[in-house]
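Asks: Need coordinates for the below:
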Amino acid sequence: YAVEGSDMAHVAKKLVAANKLEGVVEVIHGVMEDVSLPEKVDVIVSEWMGFYLFHEAMLPSVLFARDKWLNKGGAMLPSEVTLWAAPCNTYA
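Replies: As a prediction, this is how the structure comes out:
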């Protein structure tokens, strides 16, 4: 399943069809908190980080998906991130 909350879901459906994967990938237009999948999944792949890891505020949705839809022993990709930060001063 490919769950996409934006209108990019329509593009994803066209890509799935162009690659003859209709029987493999089902694109669902909606947000994780509102969709209903027919079954739990073995892998969750998500680009939840945006920039600065938290800017797009998608982490709660990914954790919701993990808790509701990921099979025991399943994998999340990416599974970890590292944020490097250093103090700086913009004053001359």
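
Asks: Every contact and neighbour count from this point should use C-alpha atoms.
Replies: Fine.

Asks: Torsion angles phi and psi at the residue nearest the centre of the chain?
Replies: The centroid of the chain falls nearest to residue 46 when counting by Cα atoms, centre = their mean (2.7 Å). For residue 46, the backbone dihedrals are phi -140, psi 140 (criterion: degrees, to the nearest 10).

Asks: which residues touch it?
Replies: By Cα atoms under 8 Å, 6 or more residues apart in numbering, residue 46 lies in contact with 62, 76-78.

Asks: Pull out the buried residues from those.
Replies: Neighbour counting with 16 or more other Cα atoms under 10 Å marks 62, 76 as buried within those.

Asks: Residue 48 - that's part of a strand, no?
Replies: No: counting by DSSP: H, G, I helix; E, B strand; the rest coil, one finds residue 48 to be coil, located in no strand.

Asks: Now for the nearest residue in space to it that is not next to it in sequence, how many residues are close by?
Replies: In space, and not counting its chain neighbours, residue 48 is closest to residue 58: 5.2 Å by Cα to Cα, 6 or more residues apart in numbering. When counting by other Cα atoms under 10 Å, one arrives at 16 neighbours for residue 58.
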